[in-house]
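Undergrad: Build me a structure from this.
(one chain, ligands or ions: 1)
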Amino acid sequence: MHDPKILIALDFADRQEALALVARLDPASCRLKVGKEMFTLFGPEFVRSLVSAGFDVFLDLKFHDIPNTVAKAVAAAAELGVWMVNVHASGGPRMMAAAKEALQPYGDKAPLLIAVTVLTSMTGDELHQVGVLRSPAEQVLALARLTRDAGLDGVVCSAQEASLLKAELGPDFKLVTPGIRPSGSDAGDQRRIMTPEQAIAAGSDYLVVGRPITQAADPAAVLAQINFNLAALS
Ligand SMILES: O=C(O)c1cc(=O)[nH]c(=O)n1[C@@H]1O[C@H](COP(=O)(O)O)[C@@H](O)[C@H]1O
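TA: Coordinates of the predicted model:
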């Protein structure tokens, strides 16, 4: 596969369990995401080992801090050789521009820089609780516009906003969508969800899939089935 669409969220407390899954995966058929749990437990060495094994790695630490701190953190991620890194768009345009600037020295080796808009676990009511009175779709669009204007490569959003964002921001602005649930699988803590096929049809570029693959009896088979279904769409 030329450009694997599925980013598998490696959210494991046990390194051996994660590595047993990785050993059954092919870098040509998926990419890997390392998030806060595994990075906190196993650190940069774990990320480097996945990069050395030939995987494109999305380092999902969702940086959200003052511009100087985020710029340095993003540069540290680039040093690890990751394929994608993310910040929170609500850190603001100056923070995002500083992150972008920090990647300039890496040229075409720089990771894709993506901003999280509204977490896929959040509903409109929860946004209201934190003082955001817009609907999720309106807030996602507003933050995505700020992200594009700051020169970043794309956003993390839910697939429910993908068609709106593709229409408003054009085909090149990357949409990375978690909250993916093959039909019949448990939503868990996610709220704004879609199936893989619906997400691709709506315009998602990359689908983040965790538990539906990692907690399956046969994770490689679930991945193969999703890839097969997506190939049938194109
Ligand atoms: O940035 C992310 O990857 C992310 C953003 C978001 O809005 N929602 C979201 O679920 N994620 C991550 O995507 C993964 C989803 O995992 P599952 O819910 O198990 O498929 C988790 O690792 C989350 O940390």
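Undergrad: Most proximal residue of the chain with respect to the ligand?
TA: Proximity of the chain to the ligand (CB to the nearest ligand atom) peaks at Gly210, 2.5 Å away. For the C-beta atoms, the positions are set from N, CA and C on the backbone; glycine is no exception.
Undergrad: Report the separation between that residue and Ala202.
TA: 20 Å (CB to CB, to the nearest Å).
Undergrad: what is Phe58 paired to in the beta sheet?
TA: Lys33, Met84 (DSSP bridges).
Undergrad: let me fix that: Val209
TA: Ile8.
Undergrad: need the strands for this structure, in chain order.
TA: Counting by DSSP state E, one finds strands in the chain at the ranges 6-9, 31-34, 57-63, 84-88, 112-116, 154-156, 174-177, 206-209.
Undergrad: and the ones you listed, which is most packed in?
TA: strand 154-156 (a mean of 27; mean count of other CB atoms under 10 Å).
Undergrad: contact partners of that one?
TA: Applying CB atoms under 8 Å, 6 or more residues apart in numbering, the contact partners of strand 154-156 are 86, 89, 112, 114-117, 140, 143-144, 147, 165, 173-178, 205, 208.
Undergrad: got it, and stretch 160-179?
TA: 7, 9, 58, 84, 86, 112, 114, 117, 120-121, 136-137, 140-141, 144-145, 148, 153-159, 190-194, 199, 202-210.
Undergrad: Swap in 6 Å and give it another go.
TA: 114, 120, 137, 140, 144, 148, 153-154, 156, 158-159, 190, 192-193, 199, 202-208 (CB atoms under 6 Å, 6 or more residues apart in numbering).
Undergrad: so what's Pro136 scoring on pLDDT?
TA: pLDDT, Pro136: 98.
Undergrad: who's in contact with it?
TA: Per CB under 6 Å, 6+ apart, neighbours of Pro136: 118, 124.
Undergrad: what do you get for Phe58?
TA: 7, 33, 84.
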